[in-house]
Each structure stands twice: as C-alpha cells, then as structure tokens.
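> Return a 3D structure for these sequence lines:
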Amino acid sequence: MFTPKQPKFIFTLDQCFHRAYEAGHVFRDVEIESVAKMLSCGTSKLGTIKYQCENKNCSHTKNIYATCKSKLCSSCGFKATEQWISQQINILPDCKFRHITFTMPDVFWDIFKLNRWLLNALFSIAASTLLSHAKDKGLTIGIFSALHTYGRKLNFNTHIHLSLAEFGIDKDGNVKPFSFPFVTLVKQWRYGIITLLRDNFSALILPPELALTGLHYDSWNNFLDVQYNRYWNVHIAKKTTKKEHTVKYLGRYLKKPPIGAARLAHYFGGDVTFEYLDHNTATHKTLQLEQTEMMLRLLSHVPEKHFKMIRYFGFLSNRLRGQLLPIMYDKLGQKMESIKSFAFAAMMKNYLNIDPYECILCGARMVFLGFIKGMRVKELVSSVKDISKLRI
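Sure thing, here's the model as predicted:
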C-alpha cells in the first residue's frame, strides 16, 4: 500500500499515462500538453533561471527551475490561486456579495463534456436574468462568475458559481441596493439551458445512453420537455460580509487541480482511494477508483486552451470597470488600491517564512545571472511518452 504525495503520481505510478497512451486512448491535445508540462514542472525541461550571490567574496550560485502553470499541477495551482485572490481583493469593492450556484440535471453533464463549445454560453445564461432585471431598474450591477466542472467524486458535473455585488449604479452615478426575484432566476436559467440544447440539436455529439433519444428532433424535444419539468437547483447562499470571503470561496475552485493531496488516501493494486464529502449526509466517505479511470476523470476537467473559466459582467466587466468602479469606491467611501502582484518571493516569505533571494551562505542578496531556455511546448508534447516514464 502506498499513499500518493500529490495528484501527479496518479499519472506516473505503474506508468499509468504511458500505458493508456500506448493502448490507443484518444486524449485531447490540451490534455497531452497539460500532462507533459505538469510532469516537467520544476525540472530543467521548462528552463532554468540562474542566480549568484552579489557578495564578490561568496561563490554561492542557485538554479531555479521554471514551473508549468498547468491546472493539473497542485503546486502551480496553489500559487495561481493565491495570486488570483490577491488581485481580486484589490479590484472588488468591499461590500456584501450574494453567492449563487446554478446547477442542471445530471443527464446533461455528459452532453456538455462531449460538446465543450457549449460551455461558453453558460455564463451569459446565468447572468442574463440578473442583468435584465437590473436594467429594468435602471442599474448597472457587478457580477463575476466561474465555471466548475467537477463534483466531489471527480465526475463531470457542470455548474456555474456566480457572485453578485449587493449594490448597483444608476445613470446618475448613485449607488443603490439591488434585489431580484428568486423564482424568475430559476425559470430563466432552466429555460436558457433547454433552449441552448434545443437550438443546437443538429450539431450535438450525444453520449451512448442518449443515442436513440437524439435520432429525431421530435424525440429530442420530448426529452427536453421532460427535463424542463424536473426540479432544478439554483442555490442562493447568504450574503458574505466581506469580499475576501467570496473571493477565497471561488478561488479554491478555479486554479487548483480537481483533487488535493490531502484527499488521497492510498494506492494499492492499481486502485486509488480518496476521500470526499457527501453533501446528502454531510459526512466524509471514501471512493475507490481504478487508477486509469481516476486519471481520465482528472484530465476531463482540463479546460480547452484559451477558455476563460472566469467571466465578469456589469461594472466589473473590462468594458465598464475603468469608468464605474471608481464611482462605486467613491460612493462607498473606499479607496481604490493599485493591483498588486503576489510574486514568487512574496509567497515564499508569507507561507514558508523563507526569502528565496537571500544567500544561504553569507546572507547577501542573490542576483539574476542568466536564463537557460527549456524545451518548447511542441517538443514537450512530442516527448510526452518518455516524460511520463521518468517519474515513477
């Protein structure tokens, strides 16, 4: 029995990724690239930054290997999360935010998994009702939302997390509280998803269990009508008291791998056991998956290249942020802070109480000496089979 120290071991133990690749499993291009980068993270394959001590009487030198910034990498995911949280705290006004989770029936999950181009529309469907209601009131509201594709069991579970600022701005620059009818929110989300799947019927790739249903437009419509009349859960949480609460809540979903090392229980005989929280019973349970199945579940949550997992609307959108955010800050009696970069050195000092640029021999500063270029992404991808066999 063996306890994996981090999720990347799922790919390398017993050459799991290599065996699946050799067996002919069809991976998405972005999955292969992510695996190649993740397994090369912290090695010379991605490049090396060289430092030397500024003290001329000290001979100490230091190499820092470039990181992958892949969503599969727990180390890079942690850093990216902390950087995103730091940036958002400097952007968002300090007011209460209402957190809303938009879910859909489980029969739709695999449809979105097989037709990832549909995921773009989910953001606007979730936000449109709120934006329309605010427009009727003459207000511009602030929304930021995130796509989340996995459940506690690492299954593909498509839903949207949305956070709504408690205030809106009218055309005269006044800040007013914003409220909305919950019933309308549920109806419009349900109507939007059903319409999306109905309008794109001819272009959809359907999972095997829906193959017969999708043979004809009439049977597809009947199926959608049944789903429309089901209960759809749109959960509205209590307002958060500070923006930090909302940002940290969303941040933990966005940049990190779908599972952290702390949830990995053990590996034995080709099976991986991990812990998860059962929402129905509010208790922690364990689930055992065959290693390849778990690896494929992890890979299914890697977003397509350049896909934006976070979207902003209203006075938080890029188009209006520069004009309306200063007004919001002014009316709330707050001061806008410049966006700060939460860099590598600052994180090391904050979490490990270590200054990575302090010479361990004499205490002087380490200064940049040069950079050794690593492999290009195409080279990493072409070498992925060999790379996947190196770390066992």
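> what number of residues lie near Gln323?
Residues within reach of Gln323, counting by other Cβ atoms under 10 Å, total 11. C-betas here are computed from N, CA, C, even on glycine.
> Go through the host helix or strand of it and flag the buried ones.
With the criterion set as DSSP states H and E, the secondary-structure element containing Gln323 is helix 318-331. The neighbour-count check on helix 318-331 (16 or more other Cβ atoms under 10 Å) flags 320-321, 324-325, 327-329 as buried.
> Can you get me the centre-to-centre distance for it and its chain?
Using Cα atoms, centre = their mean, to the nearest Å, we find the averaged C-alpha position of helix 318-331 to lie 26 Å away from the chain's own average C-alpha position.
> Which helix or strand contains the closest residue to Asn221 other than its chain neighbours?
Taking Cβ to Cβ, 6 or more residues apart in numbering as the measure, Asn221 lies nearest to Arg198, with 6.7 Å between them; neighbours along the chain are not counted. Taking DSSP H and E as the definition, Arg198 sits inside helix 182-199.
> Return the residues in contact with the residue nearest to Asn221.
By Cβ atoms under 8 Å, 6 or more residues apart in numbering, Arg198 lies in contact with 220-221, 224.
> Quick check: Ala36 touching Lys385?
No. The criterion here is Cβ atoms under 8 Å, and Ala36 misses it with Lys385 at 9.6 Å.
> and these two? which has more neighbours close in?
Each of Ala36 and Lys385 had its neighbours counted (other Cβ under 10 Å), and the higher figure belongs to Ala36 (28 against 14).
> ok, and the closest non-adjacent residue to Lys50?
For Lys50, the spatially nearest residue (Cβ to Cβ, 6+ apart) is Leu369, at 4.3 Å.
> Let me know the helix or strand that the one you found is in.
Using DSSP H and E, Leu369 sits within strand 366-372.
> Which strands or helices does that strand pack on?
Based on contacts counted as 3 or more Cβ pairs under 8 Å, 6 or more residues apart in numbering; DSSP states H and E, the elements that strand 366-372 packs against are strand 48-53.
> Can you dump the C-alpha atoms of the strand it packs on in PDB for me?
The C-alpha atoms that make up strand 48-53 are tabulated as PDB, following Å, rounded to 0.1, in the frame of the first residue of the first chain:
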ATOM      1  CA  THR A  48      16.400  27.300 -15.700                       C
ATOM      2  CA  ILE A  49      16.900  30.700 -14.000                       C
ATOM      3  CA  LYS A  50      20.400  31.100 -12.600                       C
ATOM      4  CA  TYR A  51      21.300  33.300  -9.700                       C
ATOM      5  CA  GLN A  52      24.600  34.200  -8.000                       C
ATOM      6  CA  CYS A  53      25.400  35.900  -4.700                       C
END
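> and that strand, which residues are buried?
For strand 48-53, the neighbour count (16+ other Cβ under 10 Å) marks 48, 51-53 as buried.
> Run me through the strand neighbours of the lengthiest strand in the chain, direction for each.
The residue-count maximum for a strand in the chain (DSSP state E) belongs to strand 156-170. Sheet pairing of strand 156-170 (DSSP bridges) gives strand 97-102 (antiparallel), strand 139-150 (antiparallel), strand 175-177 (antiparallel).
> which one of those lies closest to Thr213?
Distances from Thr213 to each of the strands paired with strand 156-170 were compared by Cβ to Cβ, and the smallest falls on strand 139-150, at 23.0 Å.
> For that closest one, buried residues please.
When neighbours are counted by 16+ other Cβ under 10 Å, the buried residues of strand 139-150 are found to be 139-150.
> swap in stretch 7-15?
Taking 16+ other Cβ under 10 Å as the basis for neighbour counts, the residues of stretch 7-15 that come out buried are 7-13, 15.
> Which one of the residues you listed is nearest to Arg190?
Nearest member of the buried residues of stretch 7-15 to Arg190, counting by Cβ to Cβ, is Pro7, at 34.6 Å.
> Go ahead and confirm the closest one touches Ala262.
No. With contacts defined as Cβ under 8 Å, Pro7 does not count as touching Ala262, sitting 10.7 Å away.
> Spatially, which residue comes closest to His25, not counting chain neighbours?
When the adjacent residues along the chain are set aside, His25 lies closest to Leu296, with 7.7 Å between them (Cβ to Cβ, 6+ apart).
> Any figure for the gap between the one you found and Leu264?
Using Cβ to Cβ, to the nearest Å, one obtains 16 Å as the distance from Leu296 to Leu264.
> Return the member of the contacts of Arg198 nearest to Lys79.
After measuring these against Lys79 - Cβ to Cβ - the closest member comes out as Leu224, at 42.4 Å.
> Let me see the ranges of the strands in this structure.
In the chain, the segments counted as strands under DSSP E are 48-53, 61-65, 97-102, 139-150, 156-170, 175-177, 234-236, 264-268, 271-278, 283-290, 310-314, 366-372.
> Could you dump the ones you listed into TSV with mean pLDDT and distance to Ala121 added?
As requested, the strands of the chain are exported to TSV (pLDDT from 0 to 100; distance: least, Cβ to Cβ, whole Å):
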stretch	mean pLDDT	distance to Ala121
strand 48-53	96	41
strand 61-65	92	40
strand 97-102	93	12
strand 139-150	94	11
strand 156-170	94	11
strand 175-177	94	29
strand 234-236	91	17
strand 264-268	80	34
strand 271-278	87	29
strand 283-290	90	31
strand 310-314	94	11
strand 366-372	94	42
